[in-house]
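In: I would like the atomic coordinates for the input below:
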Amino acid sequence: MRERRSHYDVTNTVNISDPAEVCAAICGLLSALYPGVDLRPVRQAHETFGRLYAGILPGYHGCDTWYHDAQHSLDCALAMARLLDGYERSVTPAQRVGARRAVLGVICALFHDAGYIRRLDETAYHNGAEFTLYHVTRSGEFLQDYLPAIGFAPEAALAARLVHFTGYEMALDRIEVQHAKDRWIGYLLGTADIVAQMADRCYPEKCHKFLFHEFRACGLAGHGIPGGPKPIYSSPEDLIRKTPEFAKKLFDERLDGYFEGCYRYLEKHFGGPNPYLSEIRGHLGYVLQIIESGSLAGLRRRPRIVNARVLRGILNVRLAEARPRRRPAAPHPHAPLAARAANPGQFVPT
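Out: Down below sits the predicted model:
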């Protein structure tokens, strides 16, 4: 069996750094699950995602974070589609969430970290990781403004709440949804976010090399920042040492706790063992070995960040060609993160 490649999913078949390839895989799943479903919103969302994260969507810098890069969000969207497939095939017809909720869930997964993307007018910030402590709220604002452009205006406010199942800005039991099926979308969404990142081929290395820098940018690591939160991690090595404990807490409180073991639906999807869970167990076991050895030299993989520059290469576009020569006027400081547009392909900020 071919060794898993760093930019491929847990099955080593889908290039999760390529929006077009991930979109094709998701559309294949949804079309088989819901014959006749309209997949145009899914395709439009992936097109917009590519432009946003590549820094060619007017008004935005593109992805510049290290850990929460384009690959993670694409990986999360694919995991969400697989979870939905497993869920729908496991429950009674009356319990199924249906095509429209499923499409909404995939789009929420795709943009659940859009709040890390800086706007051009946010000149006081130097990296999207500075938004870590409130990026989920920003992601919700983006979705709330974007969804009407692709025919999901009735669900826009709901989406702004659903993304909070992926974060810590709001207690999970305080996220208000009206229907039990919407809450299940939230459970699946929160599960997809966790299992996707922890099953990434380079998860231990990304924690060590990338996640610490994001936490340092927002004050959660290092020496902290004036007026910021109390630092949790003193160094990249400290973060690695605390990773097994954090993972246990994730399983106890979220995956097996509040989300009611949703990751088990992946067994139904795959028709056998859950490869995400297998990868996660392997990573955590290896991290424990690294810790016991007293040396981090075993973290040998060299992950690549799929940031705006790399994504432009994947999309085969040049920044100079994609952006207008004249920089658009800065929006009002209280303007939303994104704006509705009649043509989703020309989605622009207000």
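In: hey, where'd the helices end up in the protein?
Out: 19-33, 40-54, 70-88, 99-110, 135-146, 156-162, 180-198, 203-206, 212-218, 236-249, 265-270, 275-293, 308-315, 319-322 (DSSP state H).
In: right, so those: which one is the most enclosed?
Out: For the helices of the chain, ranked by mean neighbour count under the definition mean count of other C-beta atoms under 10 Å, the leader is helix 70-88 at a mean of 27. (C-beta placed from N, C-alpha, C; glycine too.)
In: can you state the direction angle for that helix and helix 308-315?
Out: Here the directions of helix 70-88 and helix 308-315 differ by 70 degrees (axes from the mean of the first three to the mean of the last three C-alpha atoms, to 10 degrees).
In: List every C-alpha atom in helix 70-88, with coordinates, as PDB.
Out: Extracted as PDB, the C-alpha positions of helix 70-88 are listed here (Å, rounded to 0.1, in the frame of the first residue of the first chain):
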ATOM      1  CA  ALA A  70      -6.700  26.200   3.300                       C
ATOM      2  CA  GLN A  71      -5.900  22.400   3.600                       C
ATOM      3  CA  HIS A  72      -7.500  22.100   7.000                       C
ATOM      4  CA  SER A  73     -10.800  23.700   6.000                       C
ATOM      5  CA  LEU A  74     -11.000  21.600   2.800                       C
ATOM      6  CA  ASP A  75     -10.200  18.500   4.900                       C
ATOM      7  CA  CYS A  76     -12.900  19.500   7.400                       C
ATOM      8  CA  ALA A  77     -15.500  19.900   4.600                       C
ATOM      9  CA  LEU A  78     -14.700  16.400   3.200                       C
ATOM     10  CA  ALA A  79     -15.000  14.900   6.700                       C
ATOM     11  CA  MET A  80     -18.300  16.700   7.100                       C
ATOM     12  CA  ALA A  81     -19.700  15.200   3.900                       C
ATOM     13  CA  ARG A  82     -18.500  11.700   5.000                       C
ATOM     14  CA  LEU A  83     -20.100  12.100   8.400                       C
ATOM     15  CA  LEU A  84     -23.300  13.200   6.900                       C
ATOM     16  CA  ASP A  85     -23.300  10.200   4.600                       C
ATOM     17  CA  GLY A  86     -22.700   7.800   7.500                       C
ATOM     18  CA  TYR A  87     -25.400   9.600   9.700                       C
ATOM     19  CA  GLU A  88     -28.100   9.500   7.000                       C
END
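In: Show me what it is packed against.
Out: Using 3 or more C-beta pairs under 8 Å, 6 or more residues apart in numbering; DSSP states H and E as the contact definition, the elements that helix 70-88 packs against are helix 19-33, helix 40-54, helix 99-110, helix 180-198, helix 265-270.
In: for the helices of the chain, which one sits closest to residue 255?
Out: Nearest of the helices of the chain to residue 255, taken as C-beta to C-beta: helix 180-198 at 6.1 Å.
In: That closest one versus helix 70-88: what angle between them?
Out: Helix 180-198 and helix 70-88 meet at an angle of 140 degrees, taking the same axes, to 10 degrees as the criterion.
In: Can you tell me which helices and strands helix 180-198 packs against?
Out: Helix 180-198 is packed against helix 70-88, helix 99-110, helix 156-162, helix 275-293, with contacts defined by 3+ C-beta pairs under 8 Å, 6+ apart.
In: May I see these arranged in TSV, with distance to residue 250 and mean pLDDT as well?
Out: Below are these laid out as TSV (distance: least, C-beta to C-beta, whole Å; pLDDT from 0 to 100):
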stretch	distance to residue 250	mean pLDDT
helix 70-88	15	98
helix 99-110	17	98
helix 156-162	19	98
helix 275-293	10	97
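In: So which of these is nearest residue 258?
Out: Proximity to residue 258, assessed across those by C-beta to C-beta, is greatest for helix 156-162 (14.1 Å).
In: what's in contact with the closest one?
Out: Defining contact as C-beta atoms under 8 Å, 6 or more residues apart in numbering, one finds that helix 156-162 is touched by 104-105, 107-108, 140-141, 143-145, 147-148, 152, 175-177, 182, 185-186, 189.
In: okay, the helices and strands packed on helix 180-198 in a markdown table with distance to residue 135 next?
Out: A markdown table is the format used below for the helices and strands packed on helix 180-198 (distance: least, C-beta to C-beta, whole Å):
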| stretch | distance to residue 135 |
| --- | --- |
| helix 70-88 | 12 |
| helix 99-110 | 14 |
| helix 156-162 | 13 |
| helix 275-293 | 23 |
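In: Nearest to residue 129, out of the ones you listed?
Out: Residue 129 lies closest to helix 70-88 among these, at 13.0 Å (C-beta to C-beta).
In: gap between the closest one and the chain center?
Out: Distance, stretch centre to chain centre, for helix 70-88: 9 Å (C-alpha atoms, centre = their mean, to the nearest Å).
In: What of stretch 225-238?
Out: The chain centroid and the centroid of stretch 225-238 are separated by 23 Å under C-alpha atoms, centre = their mean.
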